[in-house]
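Enquirer: Okay, sequence plus prediction incoming.
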Amino acid sequence: MFYKKPPFIISAIILLCLLAMINVYQPFGFGSLADLYFESCTFVVLIYIYLTAFQAIKSYIFLRLGGISLLFNKIYDLLTEIPFIENHSDRFETLDTIFDDGSLLVSVIFIAIGITRMTKNLVKQSSKDELTGLYNRKKFPEIRLDVFELIYFDLNGLKSVNDTKGHAVGDLMIIRFSQVLRQACLANEMAFRVGGDEFVVTVQPERANEYINQLYMLLENEAIYFSYGIERATKTTFNDALVRSDKAMYAMKTQSKASNVTI
Ligand SMILES: Nc1nc2c(ncn2[C@@H]2O[C@H](COP(=O)(O)OP(=O)(O)OP(=O)(O)O)[C@@H](O)[C@H]2O)c(=O)[nH]1
């Protein structure tokens with residue numbers, strides 16, 4: 001609930017409260033007033049970042065720890081502007097250094113690890129299809145085999161499933177087919193979703209027919225039908241093979257429709 005409020009307003013209120021407190025207690029003697037204003041602003045900027053990036057911080061433990069450590073560091077900086085606390089901290093120099101410089105060092109390390117992990121994860125997610133978890137086209141340059149057979153798949157009759165049973169059932173059909181595509185892959189073979197009901201699989205040379213037979217077996221008792229086209233390819237001939245396998249798939253679909261056979 002709290003985090004749904006605009007972070008800017010919350011941060012501004014905290015800043016105003018801090019500035020008011022500084023001014024009210026100023027006669028009792030703070031250190032440098034300028035220092036205090038800057039420390040307060042940095043603290044509030046941190047709060048603002050914490051609120052706006054809350055989802056990311058929540059999901060990554062290192063960002064969370066780094067954020068906590070940085071907040072601690074800033075609070076400590078603020079508190080040590082109070083002469084009474086500053087006097088005490090000066091007496092425990094090592095402890096003061098650990099609280100001040102140590103917590104800053106820890107924050108920087110944790111935040112750096114957190115950002116690195118988050119970036120890696122984002123890159124990984126950006127090449128995955130959200131609905132099925134299969135790779136999307138962005139992953140094409142990273143095909144793991146040098147020579148392979150490329151199979152272009154298209155589901156048959158998805159539109160009529162959508163129209164008669166609803167989009168959610170159509171989604172389930174796509175998800176189930178994707179599961180089976182992935183299940184039939186060996187190491188280094190990859191499955192991609194390249195369009196609504198279109199998929200590409202790269203399998204080891206001479207394995208396409210075996211792969212497709214496996215799909216038929218896995219989908220034996222399920223009303224999921226598909227057309228496909230197979231082309232042999234290398235990384236350099238990939239784009240041509242993609243076009244040719246799409247055409248071969250289309251030819252199979254046209255033929256099956258003409259003969260009114262469900263494949
Ligand atoms: N449920 C669902 N449907 C989708 C999705 N993406 C595309 N579609 C639908 O899939 C259908 C694909 O079109 P077509 O390939 O012409 O439909 P089809 O019924 O499979 O026709 P054929 O390929 O000729 O058998 C369209 O109706 C799209 O709206 C999706 O993510 N979920």
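Expert: Happy to help now that I have it.
Enquirer: Chain neighbours aside, what residue packs nearest to residue 76?
Expert: Nearest non-adjacent residue to residue 76, counting by C-beta to C-beta, 6 or more residues apart in numbering: residue 99, 5.0 Å away. For the C-beta atoms, the positions are set from N, CA and C on the backbone; glycine is no exception.
Enquirer: Let's see the pLDDT reported for that neighbour.
Expert: Note on residue 99: pLDDT of 89.
Enquirer: Pop out the phi and psi values for it.
Expert: Backbone torsions of residue 99, given as degrees, to the nearest 10, read phi -60, psi -40.
Enquirer: Any idea how many residues pack against it?
Expert: 19 (other C-beta atoms under 10 Å).
Enquirer: Please verify my assumption that it contacts residue 77.
Expert: No: applying C-beta atoms under 8 Å, one finds residue 99 not in contact with residue 77, separated by 9.3 Å.
Enquirer: At which residues are the helices of the protein located?
Expert: Under the criterion DSSP state H, the chain contains helices at 7-25, 33-52, 54-59, 61-79, 83-91, 93-97, 103-126, 158-165, 167-183, 208-218, 238-258.
Enquirer: out of those helices, deepest packed?
Expert: helix 61-79 (a mean of 18; mean count of other C-beta atoms under 10 Å).
Enquirer: so what's residue 15 closest to, chain neighbours aside?
Expert: residue 44 (4.3 Å).
Enquirer: for the one you found, what are its contacts?
Expert: Residue 44 makes contact with 11-12, 14-15, 18 under the criterion C-beta atoms under 8 Å, 6 or more residues apart in numbering.
Enquirer: Find me the pLDDT at it, would you?
Expert: For residue 44, pLDDT reads 87.
Enquirer: For residue 89, see how far away it is.
Expert: 23 Å (C-beta to C-beta, to the nearest Å).
Enquirer: do the same with residue 252
Expert: In terms of C-beta to C-beta, residue 252 sits 78 Å off from residue 89.
Enquirer: One more: residue 72?
Expert: According to C-beta to C-beta, residue 72 stands 14 Å off from residue 89.
Enquirer: ok, the residue nearest to residue 134 when sequence neighbours are not counted - how many residues close by?
Expert: Closest residue to residue 134 apart from its sequence neighbours, by C-beta to C-beta, 6+ apart: residue 193 at 4.5 Å. By other C-beta under 10 Å, the residues close to residue 193 number 24.
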